[in-house]
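Trainee: need a 3D model of the following:
(2 chains, ligands or ions: 4)
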Amino acid sequence: MSSRDLLSFRLNGHPVDVPCPSPRVLLDLLREDLRLTGTKRGCDLGTCGCCTVLVDGRPTLSCLTLARLVDGRSVETIEGVSPPRGLNPVQAAFVAHGATQCGFCTPGFVVTATALLRSNPRPSRAEIERAISGNLCRCTGYLKIIEAIESAARTEG
Amino acid sequence: MHLDPFELHRPTTVDEVVRLATELAGRFDYLAGGTDLLPNYKMHLNAKPHLVALEDVGELRGHSETRLGAMERLADLEADRAFGRVHPGLSDAIGEVATPLVRSSGTVGGNLLVDTRCFFFNQSYFWRSSLGFCLKADGDRCHVVPQAERCYATFSGDLAPALLVLDAEVEVAGPTGRRRLPLGALYDPAGDGIRRTRLAPGDLLVAVHLPPGAPGRRARYKKLRVRPSYDFPELGVAVAGAWDSDRVRSLRLAVGGVETLPRRFDDLTDPLVGAPLTPETVNRLADEVQRRVRPVHNTFLPPDYRRRMVGVYVRRALAEAREGSAG
Ligand SMILES: Cc1cc2nc3c(=O)[nH]c(=O)nc-3n(C[C@H](O)[C@H](O)[C@H](O)COP(=O)(O)OP(=O)(O)OC[C@H]3O[C@@H](n4cnc5c(N)ncnc54)[C@H](O)[C@@H]3O)c2cc1C
Ligand code: SF4
Ligand code: FES
Ligand code: FES
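Mentor: Ligands and ions are numbered 1, 2, ... in the order given. Sure thing, here's the model as predicted:
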């Protein structure tokens, strides 16, 4: 197997073929090779959740995922979670509730919360707090983020 | 942070894995969820030229009340509420590993074989090069116990203690075939802290098996960590027991997160079988476990505090297990 084999997967609904050496992690492939910079690099070590994407619908830390292992799978990033125009309900609720300040953590929170609401459209407050406990925010103090997700669940459900 | 070059292998059967592993012995690591291995690789800690990804090996997946595939992801166990009800202690432990995002990829096998941790080891290459490397990676001395010729890095997996008290066994596939051994025997006290298991080159962890009596056992896992939604254990105490009204029918206790290996204290709990558990016996047990554990100063909290908290957590875990459901 050559380490430069072509990697084929679905990215935000579209098929992608891209050369990818084995040591490339999904985060670097997305940001540097595919220029999708919505997914953020925070810690690069699995602690902050800024790099969260969905792999076959499952929240996944792209900084700890070898890109070659998404071969044949479907990846959704913050760019794909957002509709082509406007905002999805989670994003709209983040704006309405002032749940974003510097915004660096926001893509990770939105992706995590979107996955939560898809699998559990009416989460309790405790379930929301638990679901986002792997996403760090250094600005907001989390309260506004939790309120935004609660309100997105109300408007969506 | 970039990973050093390696060749990635993607076998699909256990036989294929074992063949590859035998051929590459010493020059490869298995990649399960990668949530422990890849951070270490990014910090250039003992990276190898080959990675054998276990992702496509179907036999390693899946779970039931009595079998956990090595590649079963922690989030999938957590999502199974019925499993959580019959395994309350294991469910405590799974829910306290790292964060939901890490558990989404992290697996059972990876958790049992998670690398040991030390304040002087889990650091960037630059950080380590300034102080001088240590025995566990690239160096020839220990910064924690300077006169030692072994490593004291801390075993920081949460599942091992919770599985030890359920008398779990592990199924291992190797060049000579399959074998089963008690989970406790997977960890080797004769190791030097760097080699810590009895797995031989070519060995693969296939599954964890629980005895038929394990589901429904009154069990609990109590973990001390600095940030409750995030951190590795500063200590973890697991208990599992059965009671006939007040009398102890069976009792197991295991501690992780304080030494290089997780361990069980059967010589302290076996004599308690057949008698009621009084506040005095509970206190004596907690004091003795606390007296025996030997944490060193390589995690966030000071070792003396962790040692004293082991006693506190033994009391709490026992009290909660006795109140718990099922008998
Ligand atoms: C931010 C953060 C916090 C964390 N906190 C915790 C915590 O609180 N508690 C905790 O227990 N862990 C914690 N971890 C560590 C890790 O996420 C978990 O232990 C996880 O379960 C490891 O599983 P994995 O599949 O990702 O393992 P990997 O990283 O893929 O593998 C770990 C090790 O096991 C070996 N291995 C894996 N599967 C097999 C197999 N089937 N046969 C033989 N060898 C195998 C690998 O070669 C490697 O050496 C944390 C990690 C991060 C990034
Ligand atoms: S205990 Fe000593 S040898 Fe082991 S990782 Fe820490 S400093 Fe290195
Ligand atoms: S960048 Fe991936 S978890 Fe922080
Ligand atoms: S808004 Fe700044 S880190 Fe969350």
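
Trainee: secondary structure element for A:Ile149?
Mentor: Element membership for A:Ile149 (DSSP states H and E) is helix A:143-156.

Trainee: show me what contacts the residue of chain B positioned farthest from its centre?
Mentor: In chain B, B:Ser245 marks the outermost C-alpha relative to the chain mean, sitting 32.3 Å out by C-alpha atoms, centre = their mean. By C-beta atoms under 8 Å, 6 or more residues apart in numbering or on different chains, B:Ser245 lies in contact with nothing. For the C-beta atoms, the positions are set from N, CA and C on the backbone; glycine is no exception.

Trainee: roughly how far apart are it and B:Ala321?
Mentor: B:Ser245 sits 16 Å away from B:Ala321, going by C-beta to C-beta, to the nearest Å.

Trainee: repeat that for A:Arg41.
Mentor: As for A:Arg41, its distance to B:Ala321 is 43 Å (criterion: C-beta to C-beta).

Trainee: more neighbours: the two, which one.
Mentor: B:Ala321 (25 against 19; other C-beta atoms under 10 Å in any protein chain shown).

Trainee: pull the residues that contact the helix or strand encompassing that one.
Mentor: Assigning secondary structure by DSSP H and E places B:Ala321 in helix B:303-323. Contacts with helix B:303-323, where a contact means C-beta under 8 Å, 6+ apart, come from B:89, B:218-222, B:224, B:234-241, B:243, B:253, B:255, B:258, B:277, B:282-283, B:285-287, B:289-290, B:293-297, B:299.

Trainee: give me the number of residues near the residue of chain A found nearest chain B?
Mentor: Using C-beta to the nearest C-beta, the closest approach of chain A to chain B is made by A:Gly134 at 2.8 Å. Using other C-beta under 10 Å, A:Gly134 has 24 other residues around it.

Trainee: that one contacts B:Val102, doesn't it?
Mentor: Yes. Using C-beta atoms under 8 Å, A:Gly134 is in contact with B:Val102, at 6.3 Å.

Trainee: need the buried ones from the contacts of helix B:303-323 selected in PyMOL.
Mentor: The buried residues among the contacts of helix B:303-323 can be selected in PyMOL (16 or more other C-beta atoms under 10 Å in any protein chain shown) with this line:
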select buried, chain B and resi 89+218+219+220+221+222+224+234+235+236+237+238+239+240+241+243+253+255+258+277+282+285+286+289+290+293+295+296+299
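
Trainee: among the contacts of helix B:303-323, which are in strands?
Mentor: Among the contacts of helix B:303-323, the residues falling in strands (DSSP state E) are B:218-222, B:224, B:235-241, B:243, B:253, B:255.

Trainee: of all those, the one with the weakest confidence?
Mentor: Ranked by pLDDT, the ones in strands among the contacts of helix B:303-323 bottom out at B:Trp243, which has 90.

Trainee: around ligand 2, pick out the residues from the stretch 151-300 of chain B.
Mentor: Counting by C-beta under 6 Å from any ligand atom, the stretch 151-300 of chain B comes close to ligand 2 at B:151-153, B:298.

Trainee: and the residue of the stretch 101-250 of chain B nearest ligand 1?
Mentor: B:Gly110 (2.0 Å; C-beta to the nearest ligand atom).

Trainee: would that residue count as being in a strand?
Mentor: No. Assessed with DSSP: H, G, I helix; E, B strand; the rest coil, B:Gly110 is helix; it does not lie in a strand.

Trainee: could you count how many residues lie near it?
Mentor: The number of residues packed around B:Gly110, counting by other C-beta under 10 Å, is 26.

Trainee: can you pull the contacts of it?
Mentor: B:32-37.

Trainee: what does B:Gly257 give?
Mentor: So B:Gly257 contacts B:154-156, B:158, B:161, B:223-224, B:232-236 (C-beta under 8 Å, 6+ apart).

Trainee: what sits closest to it if chain neighbours are left out?
Mentor: Nearest residue to B:Gly257, sequence neighbours excluded (C-beta to C-beta, 6 or more residues apart in numbering or on different chains): B:Pro233, at 3.4 Å.

Trainee: residues touching that neighbour, list them.
Mentor: B:Pro233 neighbours (C-beta under 8 Å, 6+ apart): B:96, B:156, B:158, B:223-225, B:256-257.

Trainee: please repeat the previous calculation with a cut-off of 7 Å.
Mentor: Residues near B:Pro233 by C-beta atoms under 7 Å, 6 or more residues apart in numbering or on different chains: B:156, B:158, B:223-225, B:256-257.

Trainee: that one and B:Asn111: what is the separation?
Mentor: 12 Å.

Trainee: all helices of chain B, in order?
Mentor: Counting by DSSP state H, chain B has helices at residues B:14-23, B:37-42, B:74-79, B:81-86, B:88-95, B:100-103, B:108-112, B:125-131, B:159-164, B:183-186, B:266-269, B:279-292, B:303-323.

Trainee: any chance of these in a markdown table, plus mean pLDDT?
Mentor: Below are these laid out as a markdown table (pLDDT from 0 to 100):
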| stretch | mean pLDDT |
| --- | --- |
| helix B:14-23 | 97 |
| helix B:37-42 | 98 |
| helix B:74-79 | 98 |
| helix B:81-86 | 96 |
| helix B:88-95 | 97 |
| helix B:100-103 | 98 |
| helix B:108-112 | 98 |
| helix B:125-131 | 94 |
| helix B:159-164 | 98 |
| helix B:183-186 | 98 |
| helix B:266-269 | 98 |
| helix B:279-292 | 97 |
| helix B:303-323 | 96 |
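
Trainee: how about CSV for those, with distance to A:Thr112 added?
Mentor: Putting the helices of chain B into CSV (distance: least, C-beta to C-beta, whole Å) gives the following:
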stretch, distance to A:Thr112
helix B:14-23, 33
helix B:37-42, 20
helix B:74-79, 13
helix B:81-86, 21
helix B:88-95, 17
helix B:100-103, 7
helix B:108-112, 22
helix B:125-131, 30
helix B:159-164, 24
helix B:183-186, 33
helix B:266-269, 41
helix B:279-292, 39
helix B:303-323, 30
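
Trainee: nearest to A:Leu66, of these?
Mentor: In terms of C-beta to C-beta, the element of those nearest to A:Leu66 is helix B:37-42, at 7.7 Å.
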